[in-house]
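*Asks:* model the following, please.
(2 chains)
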There are 2 protein chains.
Amino acid sequence: MRFIHTADWHLGKLFGQRHMTEDQAYVLDELIALCDDLRPDALVIAGDIYDRAIPPPEAVALFSETLAKLALRGVKVLFIAGNHDSAVRLGFGAELLRASGVYLAGMVRAAEPPVVLSDDYGDIYFSLIPYGDPPHVKDAFALETMPSFDAALGVQIAAARAQIPAGARSVAVAHAFVIGGQTSESEHALSVGGSDQVGAENFATYDYTALGHLHAPQRAGAEHIRYSGSLLKYSFDEVRQKKGAELVEIDGAGAASHTFYPLTPRHDVRIVSGLMNELMAEGFDPLPHDDYICVELLDSDAVLAAHEKLRHIYPNLFSITRPNVNMGRLSSNERIYERGKSELHLFAEFFADVTREKLSAEEEHALIRVIDGLEKEAREA
Amino acid sequence: MRFIHTADWHLGKLFGQRHMTEDQAYVLDELIALCDDLRPDALVIAGDIYDRAIPPPEAVALFSETLAKLALRGVKVLFIAGNHDSAVRLGFGAELLRASGVYLAGMVRAAEPPVVLSDDYGDIYFSLIPYGDPPHVKDAFALETMPSFDAALGVQIAAARAQIPAGARSVAVAHAFVIGGQTSESEHALSVGGSDQVGAENFATYDYTALGHLHAPQRAGAEHIRYSGSLLKYSFDEVRQKKGAELVEIDGAGAASHTFYPLTPRHDVRIVSGLMNELMAEGFDPLPHDDYICVELLDSDAVLAAHEKLRHIYPNLFSITRPNVNMGRLSSNERIYERGKSELHLFAEFFADVTREKLSAEEEHALIRVIDGLEKEAREA
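*Replies:* Residues are numbered from 1 along each chain as shown, chains lettered A, B, ... in the order given. Next up is the predicted model:
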């Protein structure tokens, strides 16, 4: 059994005030070409198909076309809702799509049946475990008290395992923040201050676990419990991450091996550092200038019309940082609104700018709670 | 060949500030029971599946479940986007759903293939003609000038017919305003002042045409060109309309007959007329008091706390009209905001109330253009 493990497509994502849909279509074509090369039995998408509950129509069309292309090639598709998806909207047509080899889990349900695929050695059971925040898991499983994130996942997994015959080969597909994982700015915390983390041991009984949520490809507690990482770089702290997909092979005994296949985006996301006169010099940056760029401008003095000059060099300039400048010293004209940063980061900077003080831990928590609440509302829209 | 023709479900509709989703689920269960009785080959929904481009999640879930129930019964489902639907969002999964016997047309496309069903006498070709406003038809067919609504439909039909063998039996499914049709307030004009109307002769070559858009069941220019009407009453000017679905039978020679099957809603929509003391009298209204009610209060004098008193009798009181009262004479407390009326109607009343003058034809046109523009924007969201 060979399948491709991918996650965190975030179709319809805005990055640097730009809809990424065309970049996503480009890299999905590459992923489909990879399927033509590798001829996997299935493609698994571990949540965050879309970037928000109500994605733009182009993103819906892109996902629909991508599924159709995979079905045409006989590649089965398995996917789950992540914290960015609307579980209900993503769940449209779940029963009907099975006839086309598309298996999905949107809403958390107490009895989500496993998807059974088979190879020469017999059946392999895939548990589709959609992102379940504690209130939804409490509802779906009629729990008496509110579980922690870890306990909620435990309940989902126990229910999933109960439907898999003992000794059968099995794969879990889940969207969660496993303790110790390397985070990126574009992920959005699931909750306040660490309570959103779950233990990798939850997945111990599976031969392979295909995880989504963290955007860097990485192992999570064990070699066969992995994040494939996101489809593209979606924030500037991801510039050093390799983006791609895992080809997973499971042998007759249930031993899983994996090989990472990088994907090449239409535009790379890069940070370019230098003084203004260096940046302006011919040949300073040999890489494509139409990449999505954050310039780290090293000058310590005010620079006239920095944004206009740099935009001339980099048509897709998303932001400028000034590590050697105390922002308070600059005129408001010189202060650049840094797009692509998280709400938390932006607010903290604004706060520091206005009050000359840092947010206290308590204030930061209050702020996270507000942002968290707003995002939750938006997700449930 | 027997199929059920229905239209204008408007799932997720707000009526009287109330989401109609539960009422819609109730009547759809009845429609499914009707399928169990009549055992049609297919169910045809002629547009306006949803009430708006971005329906509430419950409406998406209801449509998904309804499709699954029909598929389970082996009833094929054919549907198109109406002017209320987002053509792109409704189009999700079109290719994949065919394997489950679900055929749909969302966006206007130049080469929409017919759906071919068959019976003992051979094939029947269904042309799915989604609602196409002139700009979309111009784009899809690369026309040089902007067509009228009638010409746009003509282009869509010519393209559809070109894919049907001469002499074959055929059915058109379309969403349009056929000249001479009886309108209702809840339909929303497609455009300003009559330009949205199309000729029934466009459909002359089809053995049956299943129309959507007008909410009253009716023939449209010929016996075999028909509106099934909407699933439920969605405004108070529809109180006298029978709601239900048409069972259409097409014989081996292509002759179509039809039988209307009424559906009984969970709550009827009614206007109750009377003086306050009549309305308060035991036994005055023998029909269920939890229906969705507009009270036509006949008193010509001010009535103290009319809304509270009537709400006590009718828990689902949606509005009150006062035909014998000059609204200007009432205090603002007594003036009841009449929910369920169109924006145009409400604004015209407000205008008359404030200026003591009626909207001129020119002013009304300007207003329609504004409302039309806003709705178009919302639809394309």
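*Asks:* so which bits of chain A are right by chain B?
*Replies:* Residues of chain A lying close to chain B by Cβ under 8 Å from any Cβ of the partner chain are A:54, A:57-58, A:60-61, A:63-64, A:67-68, A:71, A:86, A:88-89, A:91-97, A:99-100, A:102, A:380-381. To be clear about C-beta, it is placed using only N, CA and C from the backbone, and glycine gets the same treatment.
*Asks:* now go through those and say which are in helices.
*Replies:* Applying DSSP state H to the residues of chain A next to chain B, the entries found in helices are A:57-58, A:60-61, A:63-64, A:67-68, A:71, A:88-89, A:94-97, A:380.
*Asks:* list the contacts for residue A:255?
*Replies:* Contacts for residue A:255 (Cβ atoms under 8 Å, 6 or more residues apart in numbering or on different chains) come out as residue A:207.
*Asks:* which of the residues of chain A next to chain B are buried, as a ChimeraX select command?
*Replies:* In ChimeraX, this line selects whichever of these come out buried by 16 or more other Cβ atoms under 10 Å in any protein chain shown:
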select /A:54,57,58,60,61,63,64,67,68,71,86,88,89,91,92,93,94,95,96,97,100,102
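*Asks:* show me where chain A dips below the pLDDT cut-off.
*Replies:* Applying pLDDT under 70 to chain A picks out residues A:191-194, A:326-342, A:375-376, A:378-381.
*Asks:* so what are the domain limits for it?
*Replies:* A:2-262, A:267-325, A:330-380 (the TED database).
*Asks:* so which of those gets nearest residue B:276?
*Replies:* Within the domains of chain A, the stretch nearest residue B:276 is domain A:330-380; the backing value is 42.7 Å (Cβ to Cβ).
*Asks:* for the closest residue to chain B within the stretch 151-300 of chain A, phi and psi?
*Replies:* Closest approach between the stretch 151-300 of chain A and chain B, counting by Cβ to the nearest Cβ: residue A:175, at 18.7 Å. In terms of degrees, to the nearest 10, the main-chain angles of residue A:175 are phi -130, psi 100.
*Asks:* please tell me how far the nearest residue to it once chain neighbours are set aside sits from residue A:291.
*Replies:* Leaving aside its sequence neighbours, residue A:175 sits nearest to residue A:47 (Cβ to Cβ, 6 or more residues apart in numbering or on different chains; 3.2 Å). Relative to residue A:291, residue A:47 is positioned 28 Å away (Cβ to Cβ, to the nearest Å).
*Asks:* looking at these two, which has the bigger crowd around it?
*Replies:* Neighbours around residue A:47 and residue A:291, counted as other Cβ atoms under 10 Å in any protein chain shown, are more numerous at residue A:47. The numbers are 28 against 19.
*Asks:* residue A:78 is in contact with that one, correct?
*Replies:* No: counting by Cβ atoms under 8 Å, residue A:78 is not a contact partner of residue A:47; they are 11.2 Å apart.
*Asks:* re the thing from before, most widely separated two among the ones in helices among the residues of chain A next to chain B?
*Replies:* For those, the maximum inter-member distance is 29.9 Å, found between A:71 and A:380 (Cβ to Cβ).
*Asks:* all strands for the stretch 201-350 of chain A, in order.
*Replies:* A:208-212, A:218-222, A:225-227, A:244-250, A:256-262, A:269-274, A:292-297, A:317-321 (DSSP state E, counting those that start in this stretch).
*Asks:* out of those strands, which is the most enclosed?
*Replies:* Most buried of the strands of the stretch 201-350 of chain A by mean neighbour count (mean count of other Cβ atoms under 10 Å in any protein chain shown) is strand A:208-212; its value is a mean of 29.
*Asks:* contacts for that strand, please.
*Replies:* A:5, A:7-8, A:44-48, A:80, A:82, A:171-176, A:178, A:203, A:220, A:224-228, A:246, A:248, A:250, A:256, A:258.
*Asks:* go again with 7 Å.
*Replies:* With contact meaning Cβ atoms under 7 Å, 6 or more residues apart in numbering or on different chains, strand A:208-212 is reached by A:5, A:7-8, A:44, A:46-48, A:82, A:171-176, A:178, A:203, A:220, A:224-228, A:248, A:250, A:256.
*Asks:* contacting residues for the residue nearest to residue A:102 when sequence neighbours are not counted?
*Replies:* The shortest distance from residue A:102 to any non-neighbouring residue, by Cβ to Cβ, 6+ apart, is to residue A:77 (4.8 Å). Contact partners of residue A:77, counting by Cβ under 7 Å, 6+ apart, are A:42-43, A:67, A:70, A:101-102.
*Asks:* now tabulate those in JSON lines and tack on distance to residue A:17.
*Replies:* Below are those laid out as JSON lines (distance: Cβ to Cβ, whole Å):
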{"residue": "A:42", "distance to residue A:17": "36"}
{"residue": "A:43", "distance to residue A:17": "31"}
{"residue": "A:67", "distance to residue A:17": "28"}
{"residue": "A:70", "distance to residue A:17": "31"}
{"residue": "A:101", "distance to residue A:17": "37"}
{"residue": "A:102", "distance to residue A:17": "33"}
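*Asks:* which of those sit farthest apart?
*Replies:* Between all members of these, the farthest pair (by Cβ to Cβ) comes out as A:42 and A:67, at 12.6 Å.
*Asks:* quick one: the closest residue to residue A:292 other than its chain neighbours from residue A:314, how far?
*Replies:* Among residues not flanking residue A:292 along the chain, residue A:269 sits closest, at 4.6 Å (Cβ to Cβ, 6+ apart). Counting by Cβ to Cβ, the separation of residue A:269 from residue A:314 is 12 Å.
*Asks:* same check on residue A:352?
*Replies:* 27 Å.
*Asks:* who has more neighbours, the two?
*Replies:* Legend: neighbour count by other Cβ under 10 Å for residue A:352 and residue A:314, higher for residue A:314 (22 against 14).
*Asks:* how about the helices of the stretch 1-150 of chain A, start to end?
*Replies:* With DSSP state H, counting those that start in this stretch as the criterion, the stretch 1-150 of chain A has helices at A:21-38, A:57-72, A:87-90, A:94-97, A:134-140, A:149-161.
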